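*Asks:* Structure for the following, please:
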Amino acid sequence: MIATLLGAIAVSPWMRAALRYGAIAVAVLLFLLSLRRSGERAGRLAERLETTENANDVRRRMLDAAARRPRDRSDLADRLRDGEF
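*Replies:* Numbers count the residues shown, from 1 in each chain. You can find the predicted model right below:
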């Protein structure tokens with residue numbers, strides 16, 4: 001039953017052209033949706049990379065500040081007297 005219906009549709013040249021163009025349109029639509037989705041994914045990854053870089057920069061600055069801190073009270077007093085703080 002279905003085979004005869006599809007056979008009748010495929011016999012007409014106009015219907016074959018319509019089916020061909022319809023299939024092309026569906027393929028292009030699916031391609032564009034896939035492209036949009038991959039673009040969104042790339043945007044999220046770029047945002048995550050930027051956030052990670054900012055966090056790493058903050059950690060690096062904290063470690064640099066900790067490395068330059070006075071070792072004890074006398075070192076702190078010396079720095080305050082010299083005006084290096």
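
*Asks:* Can you name the next helix or strand after the longest helix along the chain?
*Replies:* Longest helix of the chain, by residue count under DSSP state H: helix 13-67. Downstream of helix 13-67, the first helix or strand assigned by DSSP states H and E is helix 73-82.

*Asks:* Low-confidence ranges, the protein, go.
*Replies:* 1-10, 85 (pLDDT under 70).

*Asks:* Distance from the chain centre to the longest helix of the chain, please.
*Replies:* 5 Å (C-alpha atoms, centre = their mean, to the nearest Å).

*Asks:* what do you get for stretch 64-75?
*Replies:* Worked out by C-alpha atoms, centre = their mean, stretch 64-75 lies 41 Å from the chain centre.

*Asks:* hmm, back to that, now for the longest helix of the chain, which elements pack on it?
*Replies:* Contacts defined by 3 or more C-beta pairs under 8 Å, 6 or more residues apart in numbering; DSSP states H and E place helix 13-67 against helix 2-11. Glycine gets a C-beta too; all of them are placed from N, C-alpha and C.

*Asks:* Tell me how many other residues surround Arg79.
*Replies:* 14 (other C-beta atoms under 10 Å).

*Asks:* Would you confirm that it contacts Arg68?
*Replies:* No: using C-beta atoms under 8 Å, Arg79 makes no contact with Arg68, being 9.9 Å away.

*Asks:* ok, Tyr21 to Leu32 distance?
*Replies:* Distance of Tyr21 to Leu32, given as C-beta to C-beta, to the nearest Å: 16 Å.

*Asks:* actually Ala25, not the one I wrote
*Replies:* In terms of C-beta to C-beta, Ala25 sits 11 Å off from Leu32.

*Asks:* got it, and Arg60?
*Replies:* 42 Å.

*Asks:* same thing with Arg41?
*Replies:* From Arg41 over to Leu32 the distance is 15 Å, taken as C-beta to C-beta.

*Asks:* Contact partners for Glu84?
*Replies:* Neighbouring residues of Glu84 by C-beta atoms under 8 Å, 6 or more residues apart in numbering: there are none.

*Asks:* what about 10 Å?
*Replies:* Residues in contact with Glu84 (C-beta atoms under 10 Å, 6 or more residues apart in numbering) are 68, 70, 78.
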